[in-house]
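Colleague: pasting the sequence and the predicted coordinates here, then a few questions.
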Amino acid sequence: IQYSPYKGDIVADFVRDTRARGVRPGFYYSAVTNSYMRVDGGTVHTDVPVRPPQVTVTQAQYEQIVVQQLGELWSSYGDLAEVWFDGGYQSSLKANLTALFNTLQPTACALGGYGVTPNSVRW
């Protein structure tokens, strides 16, 4: 979106439009895959060559980014119906994700979030 002519808040637009149609919004988030930061299976792979526009981060930095991004998403757009963790999450994130759920989205269900909220659902 940074390089597109669109300059709005696409997440706010999505949330507004779903609610206007009587649908409670939910967010998809992959904590285990991120090509930009060379993450696969929840692990930063520093042994893979960096290709533009990829960046180099440590595992700790990546996990901090995940928590910051989720904190921003979960605190900026009101109550969510669902958060979908495609592929689950790394066990090292469990305490932080649990705290975020308890504080910011205590009623949201979490697909792929087994163990971080009592509202977990599975396939």
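Modeller: Thanks, I have it. This one's a predicted model, so the numbers in the text were calculated from it and none came from an experiment. Residues are numbered from 1 along each chain as shown.
Colleague: Val83 belongs to a strand?
Modeller: Yes. Assignment of Val83 by DSSP: H, G, I helix; E, B strand; the rest coil places it within a strand.
Colleague: and it, how far from Phe14?
Modeller: From Val83 across to Phe14, the span is 14 Å (CB to CB, to the nearest Å). From N, CA and C alone the C-beta is placed, and that goes for glycine too.
Colleague: more neighbours: which of the two?
Modeller: A count of neighbours by other CB atoms under 10 Å puts Val83 above the other of Val83 and Phe14, at 25 against 13.
Colleague: ok, now which ones touch that one?
Modeller: Contact partners of Val83, counting by CB atoms under 8 Å, 6 or more residues apart in numbering, are 26-27, 29, 70, 74, 105, 108-111, 113.
Colleague: and Asn119, by the same measure?
Modeller: Residues counted as contacts of Asn119 (CB under 8 Å, 6+ apart) are 107-110.
Colleague: next: Ala60.
Modeller: So, once contact is read as CB under 8 Å, 6+ apart, Ala60 ends up touching nothing.
Colleague: mind listing what's buried along the helix or strand containing it?
Modeller: With the criterion set as DSSP states H and E, the secondary-structure element containing Ala60 is helix 59-76. Within helix 59-76, the residues that qualify as buried by neighbour count (16 or more other CB atoms under 10 Å) are 62-63, 66-67, 70, 73-74.
Colleague: give the bridge partners for the spatially most central residue of the chain, please.
Modeller: To find the centre residue of the chain, average its C-alpha atoms and take the closest one (CA atoms, centre = their mean): that gives Tyr29, at 3.5 Å. For Tyr29, the residues forming beta bridges with it (DSSP bridges) are Phe85.
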